[in-house]
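Q: Curious how this folds, go ahead:
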Amino acid sequence: MTYDASSFSPYLPPELIDVIELLSRTLQNDTATVKGATHALLSQSQTDPDFSLKLLHVALSHQIIPENIRRTASVYLKNMASDSDVTIHPEVRQRLLSESLQFLASPENDIRTAATTIISTYLPPENYSSILSCVELIHSAVEKNDKYAVDGSVRLFSTILTDNLPHMTDQDRNMIQDRSTDLLMKAANVSNTSETIVLILRNLSHFITFSKSINEQQSSNIFQFCTVFAQNEDPAIKSEAIDTFTAFIFVCDRIPLKKVVQNNFVPLLDFMISCLHTDNEEIIRSALAFFVHLDDLSDLDSNREIPQRFNILIPLLIKHLRFRTDDLHFYNIEMFDTGTSTQDDSAIPVLWASSGRDDDEEDEDNELDDIDDEFEQFRAVGMFTARKAASSCLDVMGEVYKMDIIPIVTETLNAIIALSQQPQEESKDNSADMGVSPSDLVETALLALGCLATPFSLAAVHFPDQLNNILLWVFTQTASTFPLVRLRATWVIGEFASWIVGPLGTQHDKTKLAQKNDRQNEALDNEDDDSDDDYNAPHAPTADLLEQTLQILGTLVKDPLTRIQQTAVYGLRMLIMRAPTALSGLAPQFFTIFADVFMTSPPTVQLVAARSVMVLIVNYPDLVQDASNFEESTPLAVMLLAIINNVQSCQEGREQYNTHLVSLLQDVIEMGGSNVPIPVVTSIVNAVLTFGQKRLDKLAQNQNVEGKMGSTMTNSLTMCLAVFEEIVSAFREQTTSILAPFVESQFIVRCATLATDDDCIGSLLSLVGTCARLNFSLLTNSLDTILTLLHQTHIWTTSKLKTTANAVWCFGEVLFYSKGQLNFPFPLETYLELVVMLFTRDNTTTVDDDFVKQKKKKDESLISYATSNEQGRLILLNASQTICHFFQVELDRTISFLTSFQFPLTEKHPHPYPAPIRYILVFLMGFKDIHFEEKEIAYLGLAKAAQLHPMAFAPFIKTFLQVAANWGKKPGDHVRSEMAQSLVSLRNLFSQANDWNRFYSTIPEKIRGKLSKLYNF
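A: Residues are numbered from 1 along each chain as shown. A predicted model of the protein is given here:
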């Protein structure tokens, strides 16, 4: 619709007519017209210094201008404040503020709203004096008894306070609270507008939450004020009053508030329960939020009042678990479903999200994929509905009151179960009287069971029959024709995993313990006789129950709906996690189920399955350490084959899923080691290599892949490199044939050329270092590329310390195991300088959680940082070790460089640094015997340098002696012989024996003793 701006000309200044014309065009349906008008508005905003004032006059004009045009002017004016291309002069900004203030008392609500928006937008940020000015505006409006002025000033106060309150100091908060609390309550007597009362209550709630200066009298006044408006018929006002009461509960650890809550708790509790009887969703949701904070009342004497009302409260909470229209944003339920047939597709409700679509239509990795618990996904999405609030309430009830709530919960659930088991027509009639369908009632009962799984499992020790009956009923619901009921029943099984497998874990532990000796066996047999009654009670969990559970979940992973499949796999993982010592005999059944998942289920389900198999393998490494488990057609072999095929096919757009599968293959190699059969390892190599090459092809096509896509691709490549490194570590020399395709494809060269992410490069260098140490032949075709990569400065200065640590370690390994046969593409001294400069590397670019927590200065050196950071220490130790490798490969050039090198001075460090050799010796003292072989190699290099160039170490003999004594266990004969000769070389620097004796007497006796013991020195 187009407005004729000329019709406004008798009433408005001529300069506004053009602006109104342009604004009206932006509201049309024609795209070209809208674009043209928008461009014209943008152009005027950049060229006309008074354009913002014109927009202001339109936004705040009389109602002769249509509301949508005025609202559009207000939006444009707000956007101009954040547009970097638009400059608003301070004088114009001040006029915007002063003229808008005049309209806060306008009788027109939309004009007051526009004025508030404009003022709050153009006020300087974090200007707390403006909040005090708003307090004065409210005071003036109250004094004048001006309803409209109160409405406008309260709205402005609320807007500015909400934006600034979290950033204020306690002193500022307390000052504003002291000046405005009583005034706001007086303002409520002047204006009875619903919106204003709601804002006043909300501001009082903010004060309760954030201000620490509220005294007992103010707390009592606010509480009584809320009590008055809690009886209001307006749902918005009543709901806000309830939220303010909840704020009292949330911070009732403060003494003044605690006293007020204590004195009024009983009527408040009864009022909240009465709110749960209403039909208004907003009021119910607010009342439920009150009960969510019950755990904050645990130290209140009045808290004992709650259990006395369980018979009223618990059924109400369970009632509000039922599905409502507000919950349809996550589950799309077709309400015409009758559930009479499992074969009729039109009669099956569709679960939205991934479950109701074809695999081809699935989005790329969803952030919710990281949450495997189906109901936690539901609670994480969308608005906080009554259903979500009620489930949180039951969670809290279970945590606070534990088994005390079970009797009334059981009674309520039994009533629902009995209703669901009535003949269909009778059940429909009875449930219709309650306003819900039978399937909704069943789903509600199942949800309550899942929320209270922990207290139910605790109570089951005393009431095993009741729980077993309930679980058997849950099992029957997994065959329901209603998908949401099946989904919820599947979820409940996972929540009760600890009850289903718990006693079996105890039995398994006893069996292992009983194998120690015959005497202990006899004692444990007697003990088992006494306890078997508990395990084998008529309805106690048994192996039969666990097998039945596996059968049910195995069927559910083939359900037509993806969400149910995913929840069934999550249930399997819960069984594994709850009984990590009890399930090894059932592992083949798990593998069989997971094999079906990896062969037939969509990626979202396979993602959960991959995580579950990881848990199983980590808990039972013996499963992949027994070669017979890999034989053809065994469950493990079938499952692995399915995973390998999926990795090789590497579905596009599912990077997170693909990465998890590759990570799972890494776990198999890591846990199984050299026990994994060579054919299986070869298949893994081919699959991961194909997958990795496709990732590299993508990088080659687009070097600027960034954001989430770039991150997941980097993770994929990093995981591929980790798999290859595990294979090299496990199979060593055998990898020459196993990794032949890997070498032929020049995977290392491609990664070094295409990868730009520091984490990925760090993983690549870790793999190269491992190859150099265990099978140098794997690097034959890639050494030039690796040495070129290692010459890049950013690797040695990156904020990712792990990457730098891997780089310097990798360089040392390549240097040593090449046996001096390297052809450096750059002068050797340039590499030496990169390594040596690590000793004084500035840590300014380092961003690290530990660093932030310790509040260290960001301009400190890496040496200072390394005192509290493992990666920092590792870099310095690796640098010292690598220079020891230089000693073995190019001793004369290395010593010449080290003795002549001086660290450059900086403004931060204008004084000379110690010599590089001192740093090398100091950090070699951090070498632990846990890396014994590497330590021996480093000491051989050090010994060689000291033997042939003792003068280079002359200023640091004391430190050298400490390094020589730094052994927990005795090194090999060759190392001890070489180190002994180096000590003799250093001793010979003293021209007289007496000079050496005087010097040696200053060395601590403990060090002298170790040197004598190790080297007979």
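Q: Spatially nearest residue to residue 549, not counting backbone neighbours?
A: Setting aside the residues directly before and after it, residue 549 is nearest to residue 500 in space (Cβ to Cβ, 6 or more residues apart in numbering), at 5.5 Å. Using the backbone N, CA and C atoms, a C-beta is placed for each residue, glycine as well.
Q: Now the terminal residues of stretch 737-756, how far apart.
A: Separation of the first and last residues of stretch 737-756 by Cα to Cα, to the nearest Å is 30 Å.
Q: Count the residues that sit near the residue nearest to residue 549.
A: 24 (other Cβ atoms under 10 Å).
Q: Check which helix or strand it maps to.
A: Residue 500 is part of helix 497-514, with elements assigned from DSSP states H and E.
Q: so how far is residue 572 from the residue nearest to residue 549?
A: Separation of residue 500 from residue 572 (Cβ to Cβ, to the nearest Å) stands at 11 Å.
Q: Also residue 69?
A: 60 Å.
Q: pLDDT score for the closest residue in space to residue 955 that isn't next to it in sequence?
A: In space, and not counting its chain neighbours, residue 955 is closest to residue 915: 7.2 Å by Cβ to Cβ, 6+ apart. At residue 915, the model reports a pLDDT of 88.
Q: swap in residue 756?
A: Reported pLDDT for residue 756: 84.
Q: Between residue 69 and residue 572, point out the one with more neighbours.
A: It is residue 572, of residue 69 and residue 572, that has more neighbours when counted by other Cβ under 10 Å, with 29 against 23.
Q: could you say which helix or strand contains the more buried one?
A: helix 562-578.
Q: for the record, mean pLDDT for that helix?
A: 87.
Q: If you count contacts, what does that helix end up packed against?
A: In terms of contacts (3 or more Cβ pairs under 8 Å, 6 or more residues apart in numbering; DSSP states H and E), helix 562-578 is packed against helix 374-380, helix 483-495, helix 497-514, helix 543-556, helix 587-600, helix 603-619.
Q: Is it possible to get CSV of those that adds mean pLDDT?
A: Converted to CSV, those look like this (pLDDT from 0 to 100):
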stretch, mean pLDDT
helix 374-380, 62
helix 483-495, 90
helix 497-514, 50
helix 543-556, 85
helix 587-600, 89
helix 603-619, 86
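Q: so who does residue 986 touch?
A: Applying Cβ atoms under 8 Å, 6 or more residues apart in numbering, we find residue 986 in contact with 946, 950, 953, 954, 957, 960.
Q: go again using 6 Å as the cut-off
A: 950, 957 (Cβ atoms under 6 Å, 6 or more residues apart in numbering).
Q: How about residue 940?
A: residue 978.
Q: what's the answer for the one 10 residues further on, then?
A: For residue 950, the contact set (Cβ under 6 Å, 6+ apart) comprises 985, 986, 989.
Q: Looking at these, which one is closest to residue 211?
A: Residue 211 lies nearest to residue 986 out of the contacts of residue 950, by Cβ to Cβ, at 69.9 Å.
Q: hang on, that closest one in a helix?
A: Yes: Residue 986 sits within a helix when classified using DSSP: H, G, I helix; E, B strand; the rest coil.
Q: I'd like to know how far it sits from residue 919.
A: According to Cβ to Cβ, residue 986 and residue 919 sit 19 Å apart.
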